[in-house]
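1. kindly return the folded structure for what I paste below:
(chains A, B, C and D)
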Protein chains: 2
Amino acid sequence: MNQPARERILDAAFRLFYAHGPRGVGVDTVIAESGVAKATLYKHFPRKDDLILAYLDRVDQAWFGQLRAAARAAGDDPRDQLVGMFDALASACRRDGYHGCAFINTAAESDPASDVHARTVEHKTVVRAWVTDLARRARARDPGRLARQLTLLLDGGLSAGVLDADPTTPAAAKAAARTLVETACRRS
Amino acid sequence: MNQPARERILDAAFRLFYAHGPRGVGVDTVIAESGVAKATLYKHFPRKDDLILAYLDRVDQAWFGQLRAAARAAGDDPRDQLVGMFDALASACRRDGYHGCAFINTAAESDPASDVHARTVEHKTVVRAWVTDLARRARARDPGRLARQLTLLLDGGLSAGVLDADPTTPAAAKAAARTLVETACRRS
DNA sequence: AAACTAACAGACAGGTCTGTCTGCTAGCAA
DNA sequence: TTGCTAGCAGACAGACCTGTCTGTTAGTTT
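-> Numbers count the residues shown, from 1 in each chain, chains lettered A, B, ... in the order given. All right, here's what the predicted structure looks like:
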């Protein structure tokens, strides 16, 4: 309660938007949940879309941070890091209230011409660029393609995690990643 | 206009729901687009959810049919079929107005305890069972795991196709599939 | 003390949503 | 003719949506 209003709004929005999708949550609910006046919310976020974008920024920081942390934890070899980032997927799917990739979910309900959609594309692009860089350092034959394949697995895993509590799924994704990395980095 | 009312409703719902998400389309819009009376719609589909479920059934038939057709077109060898089904992904992403996996999109905006969510899980389960069967016939070491990995790639590709018009993505997915199939079916 | 800022509380407008209900028309069967 | 079914047209209720606006309270700066 002692946090500044902006933070309280974002906290509530994060929780509610992720659980029900931005379109499934009314501004009034965010207000009630954050204990903030309506005028205050609209002062910080003039349109609901602004709040959604701020929400996506927060998701971006959190998820990208987890990916990098998982990669770093896997050691110094870039090939291990490419595989290790899939540990972030496993943790995410295990988390209570896991509901898939916030970006994909939000983009699904928004106009392809909207800012929200653009922000999603940007997020995925940044992540893939980072993976591409790792793949380059791992001396993959075609770093861009390997990065694309790994992010496909990642996004697929994020989607599958919602639909199926099967705990072996992230492990299968990780194993597939290892196979792809080894194949792409083998000096033949 | 001469089609029975039920078909006209479903046609309009299919188009509108896929483009904007079921939650993004009002019943009134479906009515206007299908040229049907409101009472008629509610006679065939007492709740909006019933219409959404019918929509998902139609999507299931269409997508699963395309997957099987693509696999069949790849020849008799089950390994080729496992790879060949990715041609359905490429066609789907190329299609105008492509908007990702209708099931994932719909599930993203619906309660995890809802019928809609359950139907999505069912769809993904049925597809994966079919892929598992193919993997078994391909003599994969662990058919269930290979099927899981391939469907992860498939779902990832469906998501990526919305966010990025990059035409090489489906090809990268297919290449990854080939690598995974070859690795899983190699008698070592 | 005066002015300014941030925030709270909540009414309100104008629109959209789902779902119900009343009436009307047309074809078909007994 | 009588009754049944399928459908069209559209009003209506009640809830919920975003965004605006008025007015009040408390703390800080000048």
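2. when you work out contacts or count neighbours from here on, use the C-alpha atoms and nothing else.
-> OK.
3. for residue A:163, what are its contacts?
-> By Cα atoms under 8 Å, 6 or more residues apart in numbering or on different chains, the residues touching residue A:163 are B:117, B:120, B:121.
4. list the contacts of stretch A:37-51.
-> The set of residues external to stretch A:37-51 that reach it, using Cα under 8 Å, 6+ apart, is A:5, A:6, A:9, A:10, A:13, A:27, A:28, A:31, A:116.
5. show me just the buried residues among the residues you listed.
-> Those of those that meet the buried threshold are A:5, A:9, A:10, A:13, A:27, A:31, A:116, by 16 or more other Cα atoms under 10 Å in any protein chain shown.
6. ok, so of the residues you listed, who is nearest DNA strand D?
-> Distance to DNA strand D, by Cα to the nearest atom of the strand, is smallest for residue A:27 among these, at 3.6 Å.
7. I'd like to know how far that closest one sits from residue A:44.
-> 13 Å (Cα to Cα, to the nearest Å).
8. quick one: name whatever helix or strand follows the longest helix belonging to chain A.
-> What stands out as the longest helix in chain A, according to DSSP state H, is helix A:48-73. Using DSSP states H and E, the helix or strand that follows helix A:48-73 towards the C-terminus is helix A:78-84.
9. what residues are up against the residue of chain A found nearest DNA strand C?
-> Closest to DNA strand C within chain A is residue A:36: 3.4 Å, counting by Cα to the nearest atom of the strand. By Cα under 8 Å, 6+ apart, the contact list for residue A:36 reads A:5, A:8, A:9.
10. those residues in helices, which ones?
-> Using DSSP H, the contacts of residue A:36 in helices are A:5, A:8, A:9.
11. as CSV, these with distance to DNA strand C would be great.
-> Shown next, in CSV, are those (distance: Cα to the nearest atom of the strand, whole Å):
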residue, distance to DNA strand C
A:5, 4
A:8, 8
A:9, 9
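12. could you identify the least confident member of these?
-> The weakest per-residue confidence within the ones in helices among the contacts of residue A:36 falls on residue A:5 (85).
13. which one is that residue nearest to, not counting chain neighbours?
-> residue A:36 (6.7 Å; Cα to Cα, 6 or more residues apart in numbering or on different chains).
14. check the spacing between the residue nearest in space to the middle of chain A and chain B real quick.
-> Computing the C-alpha centroid of chain A and ranking residues by Cα atoms, centre = their mean puts residue A:63 first, at 4.5 Å. Here residue A:63 is placed at a distance of 17 Å from chain B (Cα to the nearest Cα, to the nearest Å).
15. got it, and residue A:58?
-> Separation of residue A:58 from chain B (Cα to the nearest Cα) stands at 19 Å.
16. dump the residue contacts of that residue.
-> residue A:14.
17. quick one, what contacts the residue in chain A that chain B sits nearest to?
-> Of all residues in chain A, the one sitting closest to chain B is residue A:156 (3.8 Å; Cα to the nearest Cα). Residue A:156 sits next to B:151, B:152, B:153, B:154, B:155, B:156, B:157, B:159 when contact means Cα under 8 Å, 6+ apart.
18. how many residues are close by residue A:75?
-> Residues lying near residue A:75 (other Cα atoms under 10 Å in any protein chain shown) number 12.
19. please enumerate residues in contact with stretch A:14-27?
-> In contact with stretch A:14-27 (Cα under 8 Å, 6+ apart) are residues A:30, A:48, A:52, A:55, A:58, A:97, A:99, A:102, A:105-106, A:109, B:108-111.
20. and the closest residue to DNA strand D within chain A, how many neighbours?
-> For chain A and DNA strand D, the shortest gap (Cα to the nearest atom of the strand) falls at residue A:26, measuring 3.1 Å. Other residues lying near residue A:26 total 13 when counted by other Cα under 10 Å.
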